[in-house]
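1. need the 3D shape of this:
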Amino acid sequence: MFMELPQDPMLIAGGAFLLGWIMAKIGAALSRRSKAGKRDPLDDRIRSMDAELRIAQGEVSKLKITFEEREKEVTKAQKLIEGKDGEALKRTGVIEKLTSDLKESVQKIQELQTELTERVSENMKSEVKLRDIETELSVAQASRNMISTAVLGYAEAPVKETERRRRKRRKND
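-> Model (predicted):
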């Protein structure tokens, strides 16, 4: 029997421990259910606001990255615009220089045209005077020939020689 006693209290102690443990688990489960129904609405609001804050912080970081990229693009565009402005100023200077050169050239061309027109008119006047003088000379020679043949009775031979001389002069001119 001695042996029976220690086995029974051990069994009873083991059973009691097991029964206590099971009861503690059941009590904890029941208390959790009752606490879950009695949650504080501020805790829910705080959790939702924390979630919104994390989402907003994520969006802000994305927007910062996008902003920095756009800022770099704007800086590049400004540099490009400044370069184009410099080129435009250079080209404007070249255009102004070419315009002034063109005006000077047009003025010189007009002066040369005027001078050329004056020279042409002088040449025309000279040619007209020359023709008039040649006509007068030929009339004078014809008159002399007529007078010499009629008055002195010269033959036609000297007249032919004068005509030959005139032809030679015209060919030489």
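2. for burial, what's the neighbour tally of Q141?
-> Using other C-beta atoms under 10 Å, the number of residues around Q141 comes to 14. (C-beta placed from N, C-alpha, C; glycine too.)
3. any idea how far L30 is from the residue positioned nearest the centre of the chain?
-> Per C-alpha atoms, centre = their mean, the C-alpha nearest to the average position across the chain is that of K84, at 7.0 Å. Using C-beta to C-beta, to the nearest Å, we find K84 at a distance of 79 Å from L30.
4. what do you get for K108?
-> Distance from K108 to L30, by C-beta to C-beta: 114 Å.
5. where does the prediction get shaky in this structure?
-> Along the chain, segments meeting pLDDT under 70 span 1-7, 33-39, 150-166, 169, 173.
6. show me which helix runs longest in it.
-> Looking across the chain with DSSP state H, the single longest helix is helix 41-147.
7. for that one, which helices and strands make contact with it?
-> Where contact means 3 or more C-beta pairs under 8 Å, 6 or more residues apart in numbering; DSSP states H and E, helix 41-147 is packed against helix 157-172.
8. number of nearby residues for R32?
-> Neighbour tally, R32, other C-beta under 10 Å: 10.
9. er, S48 I mean
-> Using other C-beta under 10 Å: S48 sits among 10 other residues.
10. show me what contacts it?
-> For S48, no residue meets the contact criterion (C-beta atoms under 8 Å, 6 or more residues apart in numbering).
11. measure it to G27 for me?
-> Between S48 and G27 the computed distance is 31 Å (C-beta to C-beta).
12. check E122 too.
-> For E122, the distance to G27 - C-beta to C-beta - is 137 Å.
13. now S121
-> Remark: distance between S121 and G27 (C-beta to C-beta) = 134 Å.
14. next one: L112
-> 122 Å.
15. before we move on, what about I81?
-> 77 Å.
16. again, but for K72
-> 64 Å.
17. with Q57 instead?
-> 41 Å.
18. one more: A56?
-> For A56, the distance to G27 - C-beta to C-beta - is 42 Å.
19. and S143, by the same measure?
-> 166 Å.
20. what of K171?
-> Taking C-beta to C-beta, one finds K171 at 150 Å from G27.
21. of those two, which one has the most company?
-> Between K171 and G27, counted using other C-beta under 10 Å, G27 has the larger neighbour count: 10 against 7.
22. the more buried one in helix, strand or coil?
-> helix (DSSP: H, G, I helix; E, B strand; the rest coil).
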